[in-house]
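> sequence-free structure coming up:
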Ligand code: PEP
Ligand code: MN
């Protein structure tokens, strides 16, 4: 309560809390009265109380998400797909083009991605482009190409699902279903992904808080699909030097708040090829369980996101350097 709040104002707040189902613990200080509410409800809006007369501030101490919370599984989740474990000691690398373009392109990608020691190939068949006139992806044909290339090189596949009608198709071809930044709060899609039994890579929205990301994960988990990978891919800020601002601090924050594995995407996080390697190093150092990186045999001719896409030699160097960093913090890569 504010300094000087009247007894009547305090009583009103107490009765409102009781009405909401809380048990109230009152501490009356020389200047301030503090009311602690303990109760079943943890998804209330603190603003309801903050607008009441005499209230100084209201903080929710319990997190509004449950299944995604670290308390739910203190040891941490390991997502297992075949022989690959995400969230264990090894930092897992997922790499490939922004978009699946041709059979030759995806075959070349799979070859050098596998050769550099990555476990998973990425590539979009359905592309969420800012303009409707930009390349929209090859659709099912693209999924066929990435699946075949991945199988030839012993890789797993991660690819984006843009809409719930595409789920059955992605389930046929992809090992991990990616939810793009623009769809992080597409709650109908998230609910449908709660019903499937394949891991979901959930990317942080361009203007989403960490709590909102975790609440989106909660949508998927509350449907019974517990294999959610969270992905920091940069957020929109006032900065214009980079495409997005890669929020490295989100990595340790997420590691504390949730048991779910955390993946870092320094490609979308920076938008520029030259910055991908330093941000990949920083991500591993900060505790990321995996990296998602765009690579292409000829990035300058890529149909999408070429500017942030690594050449094969740059990717091999990234793998060398991040392996050294992983080893320095007691992990492997
Ligand atoms: C992508 O991975 O190519 C992509 C579109 O990412 P985001 O949703 O993070 O923009
Ligand atoms: Mn991209």
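Yep, it's here. The structure presented is a predicted model; accordingly, all values stated were derived computationally and were not measured. Ligands and ions are numbered 1, 2, ... in the order given.
> Let me see the ranges of the strands in the stretch 151-300 of the chain.
Applying DSSP state E, counting those that start in this stretch to the stretch 151-300 of the chain gives strands spanning 156-160, 176-179, 200-203, 228-232, 262-264, 290-294.
> Could you export the ones you listed as TSV, including mean neighbour count?
(C-beta placed from N, C-alpha, C; glycine too.) Below are the strands of the stretch 151-300 of the chain laid out as TSV (neighbours: other Cβ atoms under 10 Å):
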stretch	mean neighbour count
strand 156-160	25
strand 176-179	24
strand 200-203	27
strand 228-232	27
strand 262-264	27
strand 290-294	28
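> want to throw those into CSV with mean pLDDT?
Putting the strands of the stretch 151-300 of the chain into CSV (pLDDT from 0 to 100) gives the following:
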stretch, mean pLDDT
strand 156-160, 98
strand 176-179, 98
strand 200-203, 99
strand 228-232, 99
strand 262-264, 99
strand 290-294, 98
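> Can you check which of those strands gets nearest to ligand 1?
The closest of these to ligand 1 is strand 200-203. By Cβ to the nearest ligand atom, the value is 4.3 Å.
> near ligand 2 at all, that closest one?
No. Taking Cβ under 5 Å from the ion as the criterion, strand 200-203 and ligand 2 are apart, separated by no less than 10.5 Å.
> Show residues contacting stretch 60-75.
Residues from elsewhere that reach stretch 60-75 (Cβ atoms under 8 Å, 6 or more residues apart in numbering): 42-44, 46, 211, 214-215, 217-218, 221-222, 226, 228, 256-260.
> still on that earlier bit, just put the strands of the stretch 151-300 of the chain in TSV and tack on distance to residue 306.
Converted to TSV, the strands of the stretch 151-300 of the chain look like this (distance: least, Cβ to Cβ, whole Å):
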stretch	distance to residue 306
strand 156-160	18
strand 176-179	20
strand 200-203	20
strand 228-232	21
strand 262-264	21
strand 290-294	9
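> Compare those strands and give me the one nearest residue 98.
strand 290-294 (5.1 Å; Cβ to Cβ).
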